[in-house]
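# Sequence and predicted structure below; questions after.
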Amino acid sequence: MNDATLFDISTQSVEETTVIHLKNAAGELMFADAERQLPCQIELYGPGSTPFGVNEARQNARQTKRFNDNEMKLTSQDHEEQVRETAEDLASVTKRFINFGYAPAAGAQGHDLFRAVYADTKLGFIVKQVQKTLRDWSAFRKGSETS
């Protein structure tokens with residue numbers, strides 16, 4: 001078999017980012033306007049990207065430190081710590097918010113804005129959508145649309 005007859009596996013590579021169309025807590029797609037022309041979306045860095053890899057490495061280091069600090073015993077986090085770490089992790093793999101803001105974080109932009117939204121437990125349905133997308137490699141395949 002020569003190289004010309006081999007399948008080019010690079011044709012299966014994924015995109016660096018994907019855009020998800022957010023749903024509200026009732027599972028309905030969210031729009032920024034009454035005409036439903038401006039979808040509320042989040043662009044995320046995926047598992048094939050550097051920001052995602054850096055985030056995974058940071059999570060692993062954090063777990064190892066916690067394990068070592070607790071005499072090699074598994075320990076659980078308290079709620080506040082878990083919310084804070086989740087918000088930080090998701091903010092680090094978020095590229096941008098599209099067509100929505102967050103009034104409680106007035107003036108915040110970029111990472112600080114993302115972290116504030118993800119830390120708001122009353123918006124936990126957004127966190128769950130983002131986490132689900134980040135676990136799904138197919139959401140980042142070329143030409144995919146996530147909603």
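Here it is on my side, so go on.
# Pass me the low-pLDDT residue ranges in this structure, would you?
Across the chain, the ranges flagged by pLDDT under 70 are 1-2, 70-75, 144-147.
# one more time with 50, if that's ok
Within the chain, no stretch falls below the threshold (pLDDT under 50).
# which residue ranges form the helices in it?
Assignment of helices within the chain using DSSP state H yields the ranges 50-69, 79-92, 110-119, 124-134.
# in the shortest one, what's buried?
When you say that, I think you mean helix 110-119. The neighbour-count check on helix 110-119 (16 or more other C-beta atoms under 10 Å) flags 113-119 as buried. Glycine gets a C-beta too; all of them are placed from N, C-alpha and C.
# for the first one, same thing?
Within helix 50-69, the residues scored as buried using 16+ other C-beta under 10 Å are 51-52, 55.
# Could I get these in a markdown table, plus columns for distance to residue 35?
Output for the buried residues of helix 50-69, formatted as a markdown table (distance: C-beta to C-beta, whole Å):
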| residue | distance to residue 35 |
| --- | --- |
| 51 | 34 |
| 52 | 34 |
| 55 | 36 |
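# Which one of the residues you listed is nearest to residue 141?
Sorting these by distance to residue 141 puts residue 52 at the head of the list, at 15.0 Å, by C-beta to C-beta.
# That closest one: what's it in contact with?
Counting by C-beta atoms under 8 Å, 6 or more residues apart in numbering, residue 52 touches 45-46, 93, 134.
# Mind checking which of those are in strands?
The subset of these located in strands under the criterion DSSP state E comprises residue 45.
# Redo the contacts of residue 52 as TSV? Include distance to residue 10 and neighbour count.
Rendered in TSV, the data for the contacts of residue 52 read as follows (distance: C-beta to C-beta, whole Å; neighbours: other C-beta atoms under 10 Å):
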residue	distance to residue 10	neighbour count
45	20	22
46	17	20
93	24	22
134	23	21
